[in-house]
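Novice: Could you look at this predicted model? Sequence included:
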Amino acid sequence: ELDIFFAKFDNVEGLAASNPVSINGLKVGQVDKIIPITEKDGKIHFVVKVMIDDTYEFSKKSTLEIFEPGLMSGKEMRINLAYGQPMAKDGDTLAGAFQLSMMNNISSQVGPVKDQLQVVLKRVDSLIVNAKSITDAENQAAIRSLLLNLNRAVTSLEGTSRSANSLMANNDPRVQKMLDNANLATISAKTAIDKYGKVAEEVDVKKLNNTIDKLSLTADKLNSVISGIQNGEGSLGKITKDEELYRNLNESSQNLNKLILDLKENPKRYLNFSVFGKNSSN
C-alpha cells in the first residue's frame, strides 16, 4: 500500500508528476501531483503530493527535497532522513527543501558577487569624480589601478553567469547524455580516469563555493577601504599592491569560466567514476 505525504515549495522548476522519490538512493515512491496555491496577497506557492510505499517508516522531522541527480538531468525528490519521534503518518506534511544544481548554484552565487563589485565600481567612480578633493597622489594612482582591475573582474563574472545560464539553456544532447548520471558530490578535474582505472584528481564542489565566497570577501574588503578614504582615513596604495587580493579577484572568476567551458567541451571528465575506472551506477 501507499502512504500520502505533502510538502510546500516556492519553486518546483523541473519537477513533474511521476518523477521518482527516493530514500538514500532507493526509489520508494513518486510524485503524484503538484498543486498551485495563490495567497490573498498574490504570492504563489506549490504543494507537492507524493505517494510512498508504506513499508518505509521515517520521522516526521525528515525533509522532502527537490534535487537534480545529474548536472543536466530532470528533477527528482528524496526524503532526507532525520531521527526521533514522532514518526510520519499517512497524510502528514513534511518540511520542503530545494537543492540548486551545481550550475544553477554557480550562476545564483556569481550574480550577487558581481553586484557587490559593481557597487564598489560606482564608489570608485565617485572617488574619481571627486578626485580634486583627494590630494594624496598615491591614492589617485591607486584609484585608476583599482578601477581597471574591478572592470576586468566584473566583466569576467558577467561571462561566468552567461556561460552557466547558456549551458543549462542549450541543453546540448551530447552533454545531456554524458552527464545524466553525474554525481554532484565530486567532479573530476583536468585529468580524466583512463581505461586502466587510474585515479583522476578530483575537486569538491565546495571549493567552487569557497572561490565565490573569496570574491565576496574581496568586494567587502574593497568597500571598507573606500569608506575609509572617503572619511579621510587610510590609503588605497597598499590594497592595490595586495597580490593575494587581486589573485582572488581575477583568477577566481577566470577559473570559474574555465570550469564551465571545460564542462561543455569535455563532459566525460565530470562523470563520477569508481576506483576501477567504471562509471558509477548511482
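Specialist: Yes, it's here.

Novice: Just list the residues touching Glu76, thanks.
Specialist: Contacts for Glu76 (CB atoms under 8 Å, 6 or more residues apart in numbering) come out as 19-22, 66-69. C-beta coordinates here come from the backbone N, C-alpha and C atoms, glycine included.

Novice: now, among those, which is nearest to Phe9?
Specialist: Closest approach between the contacts of Glu76 and Phe9, by CB to CB: Ile66, at 6.6 Å.

Novice: In space, what's closest to that closest one - neighbours in sequence excluded?
Specialist: Of all residues not flanking Ile66 in the chain, Phe98 sits nearest, at 4.9 Å (CB to CB, 6 or more residues apart in numbering).

Novice: Show the contacting residues for the one you found.
Specialist: Neighbouring residues of Phe98 by CB under 8 Å, 6+ apart: 9-11, 65-67.

Novice: still on that earlier bit, could I get the contacts of Glu76 in a markdown table, plus columns for pLDDT and secondary structure?
Specialist: Converted to a markdown table, these look like this (pLDDT from 0 to 100; DSSP: H, G, I helix; E, B strand; the rest coil):
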| residue | pLDDT | secondary structure |
| --- | --- | --- |
| Asn19 | 94 | coil |
| Pro20 | 95 | strand |
| Val21 | 96 | strand |
| Ser22 | 95 | strand |
| Ile66 | 90 | strand |
| Phe67 | 86 | strand |
| Glu68 | 78 | coil |
| Pro69 | 74 | coil |
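
Novice: Can you tell me which of the contacts of Phe98 are buried?
Specialist: Among those, those scoring as buried are 9, 65-67 (criterion: 16 or more other CB atoms under 10 Å).

Novice: and of those residues, the nearest to Pro86?
Specialist: Checking these against Pro86 by CB to CB gives Glu65 as the nearest, at 20.2 Å.

Novice: Roughly how far does the closest one sit from Lys40?
Specialist: As judged by CB to CB, to the nearest Å, Glu65 and Lys40 stand 28 Å apart.

Novice: How about Leu26?
Specialist: Counting by CB to CB, the separation of Leu26 from Lys40 is 41 Å.

Novice: neighbour-wise, which of these two wins?
Specialist: Each of Leu26 and Lys40 has its neighbours counted (other CB atoms under 10 Å); Leu26 has more, 10 against 5.

Novice: Now that one, what are its backbone angles?
Specialist: Backbone dihedrals for Leu26, given as degrees, to the nearest 10, come out at phi -100, psi 130.

Novice: and if you look at Asp3?
Specialist: For Asp3, the backbone dihedrals (degrees, to the nearest 10) come out as phi -100, psi 150.

Novice: What is the neighbour count of it?
Specialist: 19.

Novice: Kindly report the same for the one 4 residues further on.
Specialist: Counted with other CB under 10 Å, residues neighbouring Ala7 total 22.

Novice: and it, bridged to which residues?
Specialist: The partner list for Ala7 in beta bridges (DSSP bridges) reads Val48, Leu94.

Novice: All further residue positions should be reported with the first residue as 22.
Specialist: With 22 as the first residue, the last one maps to Ala28.

Novice: What does the pLDDT read for it?
Specialist: Looking at Ala28, its pLDDT stands at 95.

Novice: Please give me every residue in contact with Gly95.
Specialist: With contact set as CB under 8 Å, 6+ apart, Gly95 has these partners: 35, 37, 40, 89.

Novice: Which residue, other than its chain neighbours, is closest to the first one?
Specialist: With sequence-adjacent residues excluded and distances taken as CB to CB, 6+ apart, Gly35 is closest to Lys96, at 3.7 Å.

Novice: Quick check: which ranges of the stretch 72-221 of the chain have low pLDDT?
Specialist: Within the stretch 72-221 of the chain, the stretches with pLDDT under 70 are 91-94, 121-221.

Novice: hang on, the earlier thing: what's the neighbour count on the residue nearest to Gly35?
Specialist: A count of neighbours around Lys96, defined by other CB under 10 Å, yields 19.

Novice: which residues of the stretch 22-171 of the chain fall in helices?
Specialist: Ranges of helices in the stretch 22-171 of the chain, per DSSP state H, counting those that start in this stretch, are 123-150, 158-191.
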